[in-house]
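**Q** I would like the atomic coordinates for the input below:
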Amino acid sequence: MKKKVILALKILAVIAFYVFLYKISIPHIEQLKEFYQINGFNNIRLNIFAIAIILVVPNWLLESVKWFYALTPIQTITIKTAIIGVLKGIPPSTFTPNRIGETVGRPTVLLPEHRIEGGIATLYSGISQMPIMLILTAVTLYSKPLYCILALIGAAIVTAVFYNPKIFVPLFTKFKRTQKLANKLEFFTRYTTTQQNTLLIISAARYMVYCTQNYLILNALGINIGIIDGYLAIFLIYGIISFVPRPALAELGVRCSVSTLVLSQYSPTPLLPAAASALLWIINILIPCIIGTFLYIKRKKHQKNFAQ
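**A** Presented below is the predicted three-dimensional model:
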């Protein structure tokens, strides 16, 4: 009886979440409807759009492999478990600024005694993409030396922190109240340079897959932009988005606004960049979010099925 009540509460929570998500997405759904009324879906280059959809698989697979490597000093898991963890991290991330909720959702597939470290490793995994993003953002700002230099300085600082995460451990060992947290951070000392290099390479590959999806969707909708200008514009868009504090539930609106601003010179109408951002969000975030939600509802077997 108790299990049925818990299941019913989970289902109600899921329904409430998606009703709320639908309500805040109405303006962007209306944009898609307007796009359909003006252009019709028959004008979409379906072959190009299909490739963008297919790239969802390597996009999230690379993210899962990256998290798998980030967990190496903490707990050995399978790639399948890493995929499940990454998908389960998407729903809670929609409630929190800049996807911090991933640090709670992903570690649920780990053994209880490793979940705090797993959450910290999730943050570390996320940091691995920042040097790549900042460097590519700096490339887009080559005509504005000051901003370019600031982006490169930021990339240098983040890279230094990424390769030396253990510098934070002594900061917490000085106080009794933070000694337990210092013990949880001890795994930072076990990362090898090879593992860290691997994380950066995977992050770069995943970022390029994501940017390629965006570029393909822009072309599929009829924004004729050259490959170099297209990627530079996309790098700038994500550089702006990533460093703007925002609730994840407002992310779609931010994406659409920034995309429209950056791509206005290449698009005959502001509707196209906004529609492209909305479609990218649907295939890359909303659909995986739904899958991750069902993983929460699905009754887990024994914890040993997740951990190796």
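**Q** rest of the way, CA atoms for contacts and neighbours
**A** Fine.
**Q** ok, residue 197 to residue 69 distance?
**A** 11 Å (Cα to Cα, to the nearest Å).
**Q** between these two, who's got more neighbours?
**A** Between residue 197 and residue 69, counted using other Cα atoms under 10 Å, the more crowded position is residue 69 (22 against 13).
**Q** measure that one to residue 203 for me?
**A** On the measure of Cα to Cα, residue 69 and residue 203 end up 11 Å apart.
**Q** Then residue 135?
**A** Counting by Cα to Cα, the gap from residue 135 to residue 203 is 13 Å.
**Q** who's more crowded, those two?
**A** Shown here are residue 135 and residue 203; by other Cα under 10 Å, residue 203 has more neighbours (25 against 21).
**Q** I'd guessed the more buried one sits against residue 129; true?
**A** Yes: judged on Cα atoms under 8 Å, residue 203 makes contact with residue 129 at a distance of 5.1 Å.
**Q** Low-confidence ranges, the stretch 201-308 of the chain, go.
**A** Along the stretch 201-308 of the chain, the model assigns pLDDT under 70 to residues 244-251, 299-308.
**Q** how about the helices of it, start to end?
**A** 227-242, 251-263, 271-281, 287-297 (DSSP state H, counting those that start in this stretch).
**Q** Now tell me what touches the second one from outside.
**A** So that's helix 251-263. The contact list for helix 251-263 (Cα atoms under 8 Å, 6 or more residues apart in numbering) reads 25, 28, 233, 236-237, 240-241, 270-275, 277-278, 281.
**Q** Please, where are all the helices along the stretch 1-150 of the chain?
**A** 2-39, 46-54, 56-70, 79-93, 102-105, 115-127, 130-140, 145-163.
**Q** out of the ones you listed, nearest to residue 286?
**A** Minimum separation from residue 286 across the helices of the stretch 1-150 of the chain (Cα to Cα) falls at helix 79-93, 8.9 Å.
**Q** Tell me how far that closest one lies from the chain's centre.
**A** 11 Å (Cα atoms, centre = their mean, to the nearest Å).
**Q** what angle do it and helix 56-70 make?
**A** 100 degrees (axes from the mean of the first three to the mean of the last three Cα atoms, to 10 degrees).
**Q** Show residues contacting helix 79-93.
**A** In contact with helix 79-93 (Cα under 8 Å, 6+ apart) are residues 60-61, 63-65, 67-68, 99-109, 248, 285, 288-293, 295-296, 306-307.
**Q** about what we covered before: now tabulate the helices of the stretch 1-150 of the chain in TSV and tack on distance to residue 266 and mean pLDDT.
**A** Formatted as TSV, those follow (distance: least, Cα to Cα, whole Å; pLDDT from 0 to 100):
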stretch	distance to residue 266	mean pLDDT
helix 2-39	17	65
helix 46-54	19	93
helix 56-70	25	96
helix 79-93	32	92
helix 102-105	35	91
helix 115-127	31	93
helix 130-140	16	94
helix 145-163	23	94
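**Q** Please convert those helices to TSV, extending it with distance to residue 260.
**A** As requested, the helices of the stretch 1-150 of the chain are exported to TSV (distance: least, Cα to Cα, whole Å):
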stretch	distance to residue 260
helix 2-39	12
helix 46-54	19
helix 56-70	23
helix 79-93	25
helix 102-105	28
helix 115-127	26
helix 130-140	17
helix 145-163	21
